[in-house]
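> When you get a sec, could you give me coordinates for this:
(6 chains)
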Protein chains: 4
Amino acid sequence: MSKAAARIRTAAISVFAVKGYAAASTRDIAASLSLSPGAVYPHYKSKESLLFAISLEGHTSALAAVKQADPAGESPSVRLTSTVRAYVKWHAQNRDLARVVQYELRSLAPDHFEAIAALRRSTSRVFEQIITDGNTSNEFNTIDIGATTLAITSLGIDVSRWFPSQTYSDPDTLAHAYGELSQRMVGARRRPDSLPDPT
Amino acid sequence: MSKAAARIRTAAISVFAVKGYAAASTRDIAASLSLSPGAVYPHYKSKESLLFAISLEGHTSALAAVKQADPAGESPSVRLTSTVRAYVKWHAQNRDLARVVQYELRSLAPDHFEAIAALRRSTSRVFEQIITDGNTSNEFNTIDIGATTLAITSLGIDVSRWFPSQTYSDPDTLAHAYGELSQRMVGARRRPDSLPDPT
Amino acid sequence: MSKAAARIRTAAISVFAVKGYAAASTRDIAASLSLSPGAVYPHYKSKESLLFAISLEGHTSALAAVKQADPAGESPSVRLTSTVRAYVKWHAQNRDLARVVQYELRSLAPDHFEAIAALRRSTSRVFEQIITDGNTSNEFNTIDIGATTLAITSLGIDVSRWFPSQTYSDPDTLAHAYGELSQRMVGARRRPDSLPDPT
Amino acid sequence: MSKAAARIRTAAISVFAVKGYAAASTRDIAASLSLSPGAVYPHYKSKESLLFAISLEGHTSALAAVKQADPAGESPSVRLTSTVRAYVKWHAQNRDLARVVQYELRSLAPDHFEAIAALRRSTSRVFEQIITDGNTSNEFNTIDIGATTLAITSLGIDVSRWFPSQTYSDPDTLAHAYGELSQRMVGARRRPDSLPDPT
DNA sequence: GATGAATGAGACTTCATTCAT
DNA sequence: AATGAATGAAGTCTCATTCAT
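Modelled structure (predicted):
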């Protein structure tokens, strides 16, 4: 990706996050970089392709963050805390990107949508697997694996809607609190004492 | 509200929910009722005023649902379960309305936004109060009241983003599962055995 | 067709004729009627649909002119003169329309193109049939029916490219001259002495 | 003309022929040679100058073809057949070039247009002179010299609009048929028995 | 109340052309 | 010579809104 393309993408993330994809104009994006309206088009062939590029980058990055935070060989409890923290932190630290990526999917072309949906399923599956493992090993006592997975995912996604608030503006603080909540949600019997920070 | 105005509002909820406020045109709304483009304007003076009317109706309704589900004189545990169930159920049963009301706020005019924000704070405060009460009475063992309130609210709001899924398409089932999760999140020491259904 | 739609169509014919379809803008058309750029769209859903409406009208009208000038029961010679005169006259009198209709076909959408092509074939077939009849009855002595039909059609079509010239600006004069030429082209053995004017 | 300039010109002829000058972009032309958008400009200073270069080349070539086919000292009948064949053949064999050259004149700048118009008049004059000569010598019996010249020219020009058709795809066959037709149009009293082929 | 033509603004996109590389 | 990013203008079309009917 050329430098100009990267600048345009960054600008677009910000504009899309603030106004929403549909309300944001390609002019807004160009203007935010002091470029002429047509300057976007040597780099992205349409507004939708810009959204797709952003969505792909964002969901890939989120998935990577979660996967990287899932330490092989650790207990489900440790794994859950670590991945939840990473997921929450990702949404807080990349709030604009996260917001676009989580809330503008409907504006993608059908085949682009499908590509992104696959990435999202992969991310969900990480949490679901950990929770399943925890229940199998009796370390967790989850009532309903599907609902709990959904809920934990929801917590992360919804962060990008409201973050930062007056009370919570530090990604780490929030990540730790939500990590604890996730332990409770799965009915973890033991608490991990200390954890490497999943930054 | 006249019958025509109500029909238009209902159509608008559906169109806004599917396309998003910015991408939906007043023509779309009119067309979905087989009306001409100008037909909206005798009833709502602008697209934004339609959104405001919907937002007001929706947030008022959600707040009422929650408040009505907060039984005076019951234990925090019972109250929390009941209100969470009501909140979740409301988002599932009124998914289109909920989606518009939760995700299109940024398109409101500033003073309209402020009016809605006040309603939202009232709704949050119901949960926060219950959790606070539970902690005071030692019935709950909440780690971080603010974060937990936020998380519980998030669960409900996010329902309107994804509901229904392949796995969860029954509002009651979901409401019960999320009610349980909320008990765990606050660290409730006793479980309510049975509860009136908050329909 | 509403009055406004008719006015727009007429204006479009003129603008398309002068600049060509591709070089003409919908703005040009609207401006030539002192309308705003968007005023075309309540009446025609796209620039191409305007071209199609014009093409359909034009080719239908040309075909009708030719068919109406083909008098049942007359000799091929009389029929040929009459139809050629009508065809030439149509192209001269409706020069703008003819030009659009004959030279802008490539800008039609594929299915619209096909509909128009069918009309054009019908028109050609009228001439071909007359020439064939004349040869069968030995009234004509055509060298090559296909080439002669093509040539006669070409004469008419090409009128819309150059008409009027300094020398020929009267449709009737031209029509009569071309009628004579067509008699010669088919090798008509007898000349029709007088003919009703195919106006 | 450099090799690159020639390649660009050839590509432009093809693109202009297919889409029309106005609908063809300089990008289309460059892309058809796998060049970048700017690559045209070292060779032609504008799109219009490309059209002018093509028009000049084309009309010069057509005029030369006709002139060369007008054998000094031959009878008008022979001369007419020979030049008509050459003219028709030129339009068939160089169909793309002919189409651009005959139908895109309006897009030339005024002074360029004038230069081309002069060439066109020269071409017409060749036919007109032959017909006039034939009538003077009584070899022809033309009804209307102007109209007949126009008609013969039209036949040639219009070839570039439709050639090839399903029936006529051989330039020579068509040229011979049209040569015959031209004899008839001018009322030639004697037929030329054989003619050198004006290729 | 409803219609639907019309407006004025603005959206996405294309394009001829320029220019630094 | 060629590249390709960028510009400024323009093009097709959409849209919220108005207004005469």
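
> got the domain boundaries for chain A?
A:1-45, A:46-186 (automatic domain parsing).

> closest to chain C out of those domains?
Evaluated over the domains of chain A, closeness to chain C peaks at domain A:1-45, with 17.7 Å, by Cβ to the nearest Cβ. (Glycine included, C-beta is placed from N, CA and C.)

> Out of the domains of chain A, which one sits most buried?
Among the domains of chain A, ranked by average contacts under mean count of other Cβ atoms under 10 Å in any protein chain shown, first place goes to domain A:46-186 (a mean of 20).

> Three-state assignment for residue A:5, please.
Secondary structure, DSSP: H, G, I helix; E, B strand; the rest coil: residue A:5 is helix.

> Surely it touches residue A:43?
Yes. The criterion here is Cβ atoms under 8 Å, and residue A:5 meets it with residue A:43 at 4.1 Å.

> could the domains of chain A go into a markdown table alongside distance to residue C:37 and mean pLDDT?
Shown next, in a markdown table, are the domains of chain A (distance: least, Cβ to Cβ, whole Å; pLDDT from 0 to 100):
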| stretch | distance to residue C:37 | mean pLDDT |
| --- | --- | --- |
| domain A:1-45 | 18 | 96 |
| domain A:46-186 | 22 | 97 |
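
> Quick check: residues of chain A near DNA strand E?
Within reach of DNA strand E by Cβ under 7 Å from any atom of the strand, chain A has these residues: A:24-28, A:37-38, A:40-41, A:45-48.

> Which pair of these spans the longest distance?
Within those, A:28 and A:45 form the most distant pair, 18.3 Å apart (Cβ to Cβ).

> Pull the contacting residues for residue A:18.
By Cβ atoms under 8 Å, 6 or more residues apart in numbering or on different chains, the residues touching residue A:18 are A:24, A:96.

> Quick check: which element contains it?
Using DSSP states H and E, the element containing residue A:18 is helix A:3-19.

> repeat for residue A:61
Using DSSP H and E, residue A:61 sits in helix A:47-68.

> next structured bit after that helix?
For helix A:47-68, the following helix or strand on the C-terminal side (DSSP H and E) is helix A:76-93.

> Can you spell out which helices and strands pack onto that following helix?
helix A:47-68, helix A:95-103, helix A:110-136, helix A:145-162, helix A:171-186 (3 or more Cβ pairs under 8 Å, 6 or more residues apart in numbering or on different chains; DSSP states H and E).

> Compute the inter-axis angle for that helix and helix A:171-186.
Here helix A:76-93 runs at an angle of 140 degrees relative to helix A:171-186 (axes from the mean of the first three to the mean of the last three Cα atoms, to 10 degrees).

> With adjacent residues omitted, what lies nearest to the closest residue to chain D within chain A?
For chain A and chain D, the shortest gap (Cβ to the nearest Cβ) falls at residue A:42, measuring 9.5 Å. Closest residue to residue A:42 apart from its sequence neighbours, by Cβ to Cβ, 6 or more residues apart in numbering or on different chains: residue A:4 at 7.8 Å.

> just checking, the one you found touches residue A:41?
No. Counting by Cβ under 8 Å, residue A:4 stays clear of residue A:41, with 11.5 Å between them.

> Can you tell me which residues in chain A are near DNA strand F?
By Cβ under 7 Å from any atom of the strand, the residues of chain A that approach DNA strand F are A:2, A:4, A:30, A:34, A:35, A:36, A:37, A:38, A:39, A:41, A:42, A:43.

> Enumerate every residue touching residue A:189.
Neighbour list for residue A:189: A:138, A:139, A:140, A:141 [criterion: Cβ under 8 Å, 6+ apart].

> what's the spacing between residue A:2 and residue C:61?
55 Å (Cβ to Cβ, to the nearest Å).

> Residue A:85 contacts residue A:69, doesn't it?
Yes. With contact defined as Cβ under 8 Å, residue A:85 and residue A:69 form a contacting pair (7.0 Å).

> Nearest spatial neighbour of the residue of chain A found nearest DNA strand F, chain-adjacent residues omitted?
Nearest residue of chain A to DNA strand F (Cβ to the nearest atom of the strand) works out as residue A:38 at 2.9 Å. Leaving aside its sequence neighbours, residue A:38 sits nearest to residue A:30 (Cβ to Cβ, 6+ apart; 7.8 Å).

> what helix or strand is that neighbour on?
Applying DSSP H and E, one finds residue A:30 within helix A:26-31.

> what's the nearest residue to residue A:119 if we skip its chain neighbours?
In space, residue A:119 is closest to residue A:59, 4.0 Å off (Cβ to Cβ, 6+ apart).

> Actually, residue A:182.
residue A:84 (4.3 Å).

> residues touching that neighbour, list them.
A:127, A:152, A:155, A:156, A:175, A:178, A:179, A:182.

> Widest-spaced pair of these?
Largest separation among the contacts of residue A:84 by Cβ to Cβ: A:127 and A:175, giving 14.6 Å.

> pretty sure residue A:106 is touching residue B:24, no?
No. Contact between residue A:106 and residue B:24 fails when scored by Cβ under 8 Å: they sit 11.5 Å apart.

> Near chain B, which residues of chain A are found?
Residues of chain A lying near chain B by Cβ under 8 Å from any Cβ of the partner chain: A:19-20, A:22-23, A:103, A:106-107, A:143-144, A:146-148, A:150-151, A:154-155, A:157-159, A:161-162, A:165, A:167-168, A:174, A:177-178, A:180-181, A:184-185, A:187.

> let's see it at 6 Å
Applying Cβ under 6 Å from any Cβ of the partner chain, one finds that chain A approaches chain B through A:20, A:22-23, A:143-144, A:146-147, A:151, A:154-155, A:158, A:167, A:177, A:180-181, A:184-185.

> Test for you: state the pLDDT assigned to residue A:198.
On pLDDT, residue A:198 comes in at 47.

> which residue of chain A sits farthest from its center?
Distance to the chain centre peaks in chain A at residue A:36, reaching 31.7 Å (criterion: Cα atoms, centre = their mean).

> now residue A:42, what's its secondary structure?
Classification of residue A:42 by three-state DSSP places it in coil.

> how far away is it from residue D:28?
In terms of Cβ to Cβ, residue A:42 sits 17 Å off from residue D:28.

> same deal with residue A:77?
Per Cβ to Cβ, residue A:77 is found 62 Å from residue D:28.
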